[in-house]
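1. Could you work out the structure for the sequence below:
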Amino acid sequence: MSHAKQLHNRRYLNDYLEIINREGLPGNVKHDLCLEVQNVVLTTVQQVIEEALEEELRAYLGLERYEHLPWGRPEELTRSGSYRRELITQYGPIADLRVPKLRRGNGDLNWQSITRYERCWGPLLDQQVMGYCLGLSLRDLQEMMALTLGEVLSLSACNRIVSSVTARVEAFKSQPLENPPPVIMVDGMWVKIAYPSEEIKADARGRRRYAKRQHKRVMLSALGVWPDGHWEIVHWQIAEGETADSWQAFFKELQRKGITRETTQLVISDGAKGLESALDRYLWGVPHQRCLFHKIKNLADHLVFNDLQVGSAETQEQAMREAKRARKKALLAEASWVYEGQSAAEIESRARLFAMIWRGREPEAVANFWLHFHKTVAYLSVEIDPSLHPLIRTTNLLERFHKEVRRKQRDIGMFQSERGCEAIWYLLSTRESAKQRAALQNRP
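-> Below is the predicted model of the structure:
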């Protein structure tokens, strides 16, 4: 039987955790002392939550406990003792939390400390969602929850915990930006998402379910850069491909969020197909910066290796490979040198020198280099601190974020739904935004 199935066996789980604690972990604190500390912490947590509930009820009634009114009170404003509830917190389970109640109308009470029917305290679930965001798979989340709950939740229950951020995802995507960024970079990343098919299969428990099939979808993303140097993911959208219609639908949503021709000074992309028509429709006249990294990297696809100098090597084939590698390295290095200039005039002067040196040996690469050359220096037209030029002349910021998502996708194999995919996208973007804001606040 697999580890995933045996986890639901209480004896297996207890033995499994005991062996880890005994042989796998350092054991810096004695077990008895840990239990004593945990009991004290739980007692304190229970006391604080119960006091918070009493304070909420006191504010709701407008009366102190045991305070009497000469004209009496309706049942909706009369205390009726309390009831006991089990509450699981990040500090451990509280078996008998005392929750005050009324004689009538308890359903109208909107507690702030705990929600109605809540069994797992909010901070506990937030911690588990953050763990999932940092790289835990759903099966890893099962084991982490077991350390606190003492039992193993099903994968579907763990998935519901992660999907609980769906409401925040929709709110984030629909909320207009208070301060639209002057610079945005856009790109698409291919992801794997499972969709139900028409085929019906029986699962391990004999239940009939629609079989899921993996499909590739592209996540179109926009990242905003502000003049103070911080950046954030501002929008994303799942599409079947990077077509003109998909990009137009994407930019329509960006426009609804407040990103318009009047607020945008520069758009950065890697030259995706179908993007130009969307820019012409929604951001007409806004300078379009072509990512320098992709521009220079693509030169290698146009090498013809004329007049190749083959050095000495053990075999002719090996010598040819080394010569081609040296040619490619030299050409890309000199193409990068072109953009080390500080002004458009200096960069263009270097570009002409680069073309003069390489046109005879690599005519196709030089021709591709000059294609849309003006778009590679569009970043110089933005009125922004020159120290930020390295951030706005490539799509590296967005590529770096995509790298985090790819790492997560490798951990889980594929996303089980579009909703789950967007939840992960939101959690990771929130984390990256928080890191940016924290770095900005701690600048000297």
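2. For the rest of this, base every contact and every neighbour count on C-alpha atoms.
-> Fine.
3. hang on, residue 173 in a helix?
-> Yes: secondary structure of residue 173 (DSSP: H, G, I helix; E, B strand; the rest coil): part of a helix.
4. Packing partners of the longest strand along the chain?
-> Longest strand of the chain, by residue count under DSSP state E: strand 183-202. On a contact count with 3 or more Cα pairs under 8 Å, 6 or more residues apart in numbering; DSSP states H and E, strand 183-202 meets strand 208-225, strand 266-269, helix 396-412.
5. What is the subsequent helix or strand relative to the first one?
-> Using DSSP states H and E, the helix or strand that follows strand 208-225 in sequence is strand 231-239.
6. just how off-centre is whichever strand or helix holds residue 35 within its chain?
-> Under the assignment given by DSSP H and E, the secondary-structure element containing residue 35 is helix 31-61. Its chain's C-alpha centre and that of helix 31-61 lie 34 Å apart, by Cα atoms, centre = their mean, to the nearest Å.
7. ditto for stretch 196-211
-> On Cα atoms, centre = their mean, the centre of stretch 196-211 falls 31 Å from that of its chain.
8. Residues contacting it, please?
-> For stretch 196-211, the surrounding residues in contact (Cα atoms under 8 Å, 6 or more residues apart in numbering) are 212-213.
9. avg pLDDT for the longest strand of the chain?
-> Taken as a whole, strand 183-202 has an average pLDDT of 87.
10. gap between stretch 112-127 and the chain center?
-> 23 Å.
11. from what I can see residue 384 touches residue 228, true?
-> No: with contact taken as Cα atoms under 8 Å, residue 384 and residue 228 are classed as non-touching, separated by 9.1 Å.
12. shaky segments in the stretch 201-350 of the chain?
-> Residues of the stretch 201-350 of the chain that meet the criterion pLDDT under 70 lie in 203-205, 311-314.
13. Which parts of it are helices?
-> With DSSP state H, counting those that start in this stretch applied, the stretch 201-350 of the chain shows helices at 244-256, 275-282, 292-298, 316-338, 344-358, listed in chain order.
14. got it, and the stretch 51-200 of the chain?
-> Per DSSP H, counting those that start in this stretch, the stretch 51-200 of the chain has helices spanning 122-133, 138-149, 155-163, 166-174. These are given in chain order.
15. The ones you listed: lowest mean pLDDT?
-> Taking each of those in turn, the one with the lowest mean pLDDT is helix 155-163, at a mean of 63.
16. What's the mean pLDDT across the helix holding residue 35?
-> The pLDDT scores in helix 31-61 average 80.
17. which strands and helices sit next to that helix?
-> Under the contact criterion of 3+ Cα pairs under 8 Å, 6+ apart, helix 31-61 touches strand 92-102.
18. one more time with 10 Å, if that's ok
-> If contacts are counted by 3 or more Cα pairs under 10 Å, 6 or more residues apart in numbering; DSSP states H and E, helix 31-61 sits against strand 79-89, strand 92-102.
19. Show me what the first one is packed up against.
-> With contacts defined as 3+ Cα pairs under 10 Å, 6+ apart, the secondary structure elements packing on strand 79-89 are helix 31-61, strand 92-102, helix 122-133, helix 138-149.
20. right, and those - which one's nearest residue 360?
-> With respect to residue 360, and counting by Cα to Cα, the nearest of these is helix 122-133 at 51.8 Å.
21. Any chance of the helices of the stretch 201-350 of the chain in TSV with distance to residue 119 and mean neighbour count as columns?
-> As requested, the helices of the stretch 201-350 of the chain are exported to TSV (distance: least, Cα to Cα, whole Å; neighbours: other Cα atoms under 10 Å):
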stretch	distance to residue 119	mean neighbour count
helix 244-256	38	18
helix 275-282	48	17
helix 292-298	51	17
helix 316-338	58	15
helix 344-358	62	15
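22. got JSON lines for those helices, with distance to residue 393 too?
-> Converted to JSON lines, the helices of the stretch 201-350 of the chain look like this (distance: least, Cα to Cα, whole Å):
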{"stretch": "helix 244-256", "distance to residue 393": "21"}
{"stretch": "helix 275-282", "distance to residue 393": "17"}
{"stretch": "helix 292-298", "distance to residue 393": "6"}
{"stretch": "helix 316-338", "distance to residue 393": "12"}
{"stretch": "helix 344-358", "distance to residue 393": "13"}
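23. Which among those helices is found nearest to residue 370?
-> So among those, helix 344-358 is nearest, using Cα to Cα, at 8.5 Å.
24. could you point out which element follows the closest one?
-> Along the chain past helix 344-358, the next helix or strand (assigned with DSSP H and E) turns out to be helix 363-370.
25. wait, residue 382 sits on residue 225?
-> No: applying Cα atoms under 10 Å as the test, residue 382 and residue 225 come out as separate, 12.0 Å apart.
26. So in terms of bridging, what pairs with the residue nearest to residue 231 when sequence neighbours are not counted?
-> Spatial nearest neighbour of residue 231, chain neighbours left out: residue 225 (4.4 Å); criterion: Cα to Cα, 6 or more residues apart in numbering. Going by DSSP bridges, residue 225 is paired in beta bridges with residue 183, residue 231.
27. for residue 89, same thing?
-> Going by DSSP bridges, residue 89 is paired in beta bridges with residue 92.
28. Is it in contact with residue 43, as I believe?
-> No: under the criterion of Cα under 10 Å, residue 89 makes no contact with residue 43, lying 11.9 Å away.
29. Of those two, give the one with the bigger neighbour count.
-> Neighbour totals were compared for residue 89 and residue 43, and residue 89 leads with 20 against 12 (other Cα atoms under 10 Å).
30. Now the phi/psi pair for residue 308, please.
-> Recorded main-chain torsions at residue 308 are phi -80, psi 130, according to degrees, to the nearest 10.
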